[in-house]
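Participant: following is a predicted model, sequence given first.
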Amino acid sequence: MEGLSSAEAAKRFGYTPGSFRVLCHEFRRNSQREFFRPPAKGPQASPKVDKVREAVMALRKQNLSIYDISRALEEAGSPLSPAAISLILKEEGFARLPRRRDEERPPGTRPDISPVADVRQLDLSSASSNSIRGPVPLLALSGPNPFDQLMEQAGLPVPK
(Lines give C-alpha, C1' and ligand atoms only; values in the text may rest on other atoms or scores of the structure.)
Protein backbone atom coordinates (compact mmCIF):
# COMPACT_ATOMS: atom_id res chain seq x y z
CA MET A 1 0.00 0.00 0.00
CA GLU A 2 1.24 3.46 -0.94
CA GLY A 3 4.32 1.85 -2.47
CA LEU A 4 5.91 0.98 0.90
CA SER A 5 8.04 -2.09 1.37
CA SER A 6 6.80 -4.56 4.01
CA ALA A 7 9.65 -3.51 6.34
CA GLU A 8 8.70 0.18 5.98
CA ALA A 9 4.98 -0.56 6.50
CA ALA A 10 5.76 -2.71 9.54
CA LYS A 11 7.87 0.05 11.07
CA ARG A 12 5.18 2.65 10.32
CA PHE A 13 2.51 0.68 12.23
CA GLY A 14 4.71 -0.58 15.05
CA TYR A 15 5.19 -4.19 13.91
CA THR A 16 8.31 -6.19 13.43
CA PRO A 17 8.92 -7.15 9.78
CA GLY A 18 8.29 -10.83 10.60
CA SER A 19 4.96 -10.26 12.34
CA PHE A 20 3.85 -7.95 9.52
CA ARG A 21 4.59 -10.69 6.96
CA VAL A 22 2.48 -13.11 9.02
CA LEU A 23 -0.40 -10.63 9.00
CA CYS A 24 -0.14 -10.28 5.21
CA HIS A 25 -0.04 -14.06 4.81
CA GLU A 26 -3.15 -14.51 6.99
CA PHE A 27 -4.97 -11.78 5.06
CA ARG A 28 -4.15 -13.42 1.71
CA ARG A 29 -5.32 -16.83 2.96
CA ASN A 30 -8.63 -15.49 4.37
CA SER A 31 -9.57 -12.05 3.18
CA GLN A 32 -12.96 -12.29 4.97
CA ARG A 33 -11.27 -12.55 8.38
CA GLU A 34 -12.01 -9.69 10.76
CA PHE A 35 -8.75 -7.88 11.25
CA PHE A 36 -10.45 -4.82 12.64
CA ARG A 37 -13.07 -5.31 15.29
CA PRO A 38 -16.03 -2.96 15.49
CA PRO A 39 -15.73 -0.43 18.32
CA ALA A 40 -17.37 -1.46 21.59
CA LYS A 41 -20.57 0.32 22.53
CA GLY A 42 -20.87 2.42 25.66
CA PRO A 43 -18.21 4.16 27.72
CA GLN A 44 -14.78 2.65 27.24
CA ALA A 45 -13.29 3.90 30.51
CA SER A 46 -14.59 4.60 33.96
CA PRO A 47 -14.05 8.33 34.62
CA LYS A 48 -13.94 7.86 38.41
CA VAL A 49 -11.36 5.05 38.24
CA ASP A 50 -9.30 6.95 35.67
CA LYS A 51 -9.19 10.01 37.94
CA VAL A 52 -8.01 7.88 40.87
CA ARG A 53 -5.42 6.17 38.66
CA GLU A 54 -4.15 9.57 37.49
CA ALA A 55 -4.01 10.79 41.10
CA VAL A 56 -2.04 7.69 42.14
CA MET A 57 0.50 8.26 39.38
CA ALA A 58 0.80 11.98 40.16
CA LEU A 59 1.41 11.22 43.85
CA ARG A 60 4.02 8.57 43.04
CA LYS A 61 5.82 11.10 40.85
CA GLN A 62 6.15 13.14 44.07
CA ASN A 63 8.09 10.15 45.47
CA LEU A 64 5.36 9.11 47.92
CA SER A 65 5.07 5.53 49.16
CA ILE A 66 1.91 3.46 48.68
CA TYR A 67 0.97 4.19 52.31
CA ASP A 68 1.44 7.94 51.82
CA ILE A 69 -0.63 7.77 48.63
CA SER A 70 -3.36 5.82 50.44
CA ARG A 71 -3.55 8.50 53.17
CA ALA A 72 -3.62 11.32 50.60
CA LEU A 73 -6.42 9.65 48.62
CA GLU A 74 -8.42 9.04 51.78
CA GLU A 75 -8.12 12.72 52.70
CA ALA A 76 -9.28 13.62 49.17
CA GLY A 77 -12.36 11.40 49.55
CA SER A 78 -11.25 8.53 47.28
CA PRO A 79 -9.99 5.85 49.68
CA LEU A 80 -7.89 3.12 48.12
CA SER A 81 -5.95 0.37 49.87
CA PRO A 82 -2.15 0.21 49.66
CA ALA A 83 -2.48 -3.16 47.89
CA ALA A 84 -4.69 -1.65 45.16
CA ILE A 85 -2.30 1.27 44.78
CA SER A 86 0.59 -1.17 44.43
CA LEU A 87 -1.26 -2.98 41.62
CA ILE A 88 -1.98 0.27 39.78
CA LEU A 89 1.66 1.34 40.03
CA LYS A 90 2.83 -2.06 38.82
CA GLU A 91 0.42 -1.91 35.84
CA GLU A 92 1.69 1.56 34.97
CA GLY A 93 5.33 0.42 35.08
CA PHE A 94 6.45 2.14 38.28
CA ALA A 95 9.19 0.40 40.25
CA ARG A 96 9.07 -0.01 44.00
CA LEU A 97 10.63 2.80 45.98
CA PRO A 98 13.96 2.01 47.60
CA ARG A 99 13.95 1.98 51.38
CA ARG A 100 14.28 5.57 52.57
CA ARG A 101 16.00 6.98 55.62
CA ASP A 102 13.85 9.00 58.03
CA GLU A 103 15.23 12.34 56.81
CA GLU A 104 14.36 11.44 53.18
CA ARG A 105 10.68 10.84 53.92
CA PRO A 106 8.03 13.53 53.41
CA PRO A 107 7.35 15.59 56.55
CA GLY A 108 4.02 13.93 57.44
CA THR A 109 5.38 10.38 57.37
CA ARG A 110 8.45 10.66 59.55
CA PRO A 111 8.43 8.82 62.87
CA ASP A 112 7.94 11.00 65.93
CA ILE A 113 10.95 11.39 68.19
CA SER A 114 9.85 11.07 71.79
CA PRO A 115 11.63 12.95 74.54
CA VAL A 116 13.96 10.89 76.72
CA ALA A 117 12.78 10.32 80.29
CA ASP A 118 15.19 11.52 82.97
CA VAL A 119 14.70 9.80 86.33
CA ARG A 120 16.81 12.44 88.06
CA GLN A 121 14.06 14.98 87.44
CA LEU A 122 11.46 12.83 89.22
CA ASP A 123 10.24 14.62 92.36
CA LEU A 124 8.31 12.45 94.82
CA SER A 125 8.35 14.91 97.72
CA SER A 126 4.71 15.92 97.16
CA ALA A 127 3.48 12.40 96.40
CA SER A 128 0.99 10.86 98.80
CA SER A 129 0.71 7.17 99.51
CA ASN A 130 -2.34 6.98 97.23
CA SER A 131 -0.56 8.52 94.25
CA ILE A 132 2.44 6.14 94.18
CA ARG A 133 1.28 3.14 92.17
CA GLY A 134 2.64 0.87 89.49
CA PRO A 135 6.21 1.22 88.26
CA VAL A 136 6.85 4.64 89.86
CA PRO A 137 8.51 3.18 93.00
CA LEU A 138 10.78 1.09 90.78
CA LEU A 139 11.89 4.20 88.88
CA ALA A 140 12.89 5.82 92.15
CA LEU A 141 15.55 3.20 92.87
CA SER A 142 18.22 5.47 91.48
CA GLY A 143 16.61 8.62 92.87
CA PRO A 144 17.32 10.46 96.12
CA ASN A 145 14.85 8.47 98.32
CA PRO A 146 15.67 4.93 99.42
CA PHE A 147 13.28 2.26 98.21
CA ASP A 148 12.30 1.13 101.72
CA GLN A 149 11.13 4.63 102.66
CA LEU A 150 8.99 4.82 99.55
CA MET A 151 7.47 1.44 100.37
CA GLU A 152 6.61 2.60 103.90
CA GLN A 153 5.15 5.91 102.62
CA ALA A 154 2.98 3.99 100.18
CA GLY A 155 1.71 1.73 102.98
CA LEU A 156 3.24 -1.36 101.43
CA PRO A 157 4.97 -4.10 103.43
CA VAL A 158 8.72 -3.61 103.66
CA PRO A 159 10.91 -6.74 103.45
CA LYS A 160 13.08 -7.12 106.57
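Facilitator: The structure has been received and is ready for your questions.
Participant: can you map out the helices along this structure?
Facilitator: Remark: helices assigned in the chain by DSSP state H are 6-12, 17-29, 47-61, 66-75, 82-91, 136-139, 147-153.
Participant: closest to Arg101 out of the ones you listed?
Facilitator: helix 66-75 (15.3 Å; Cβ to Cβ). (Glycine included, C-beta is placed from N, CA and C.)
Participant: ok, residues contacting that closest one?
Facilitator: Here helix 66-75 makes contact (Cβ atoms under 8 Å, 6 or more residues apart in numbering) with 52, 55-56, 59-60, 64, 79-82, 85-86, 89, 106, 108-109.
Participant: from the chain's centre, how far out does it sit?
Facilitator: Centre-to-centre, helix 66-75 and its host chain are 7 Å apart (Cα atoms, centre = their mean, to the nearest Å).
Participant: in that helix, what counts as buried?
Facilitator: Neighbour-count burial for helix 66-75 flags Ile66, Asp68, Ile69, Ser70, Arg71, Ala72, Leu73 (criterion: 16 or more other Cβ atoms under 10 Å).
Participant: confidence score at the fourth one?
Facilitator: Right, Ser70. On pLDDT, Ser70 comes in at 92.
Participant: please apply the same query to the one 5 residues further on.
Facilitator: We have a pLDDT of 91 for Glu75.
Participant: from Ile69, how far off is it?
Facilitator: 11 Å (Cβ to Cβ, to the nearest Å).
Participant: quick one on the thing from earlier: now the buried members of the contacts of helix 66-75.
Facilitator: Val52, Ala55, Val56, Leu59, Arg60, Leu64, Leu80, Ile85, Ser86, Leu89.
Participant: tell me if I'm right that the fifth one and Phe94 touch.
Facilitator: Read that as Arg60. Yes. In this structure, Arg60 is within contact of Phe94 by Cβ atoms under 8 Å, at 5.5 Å.
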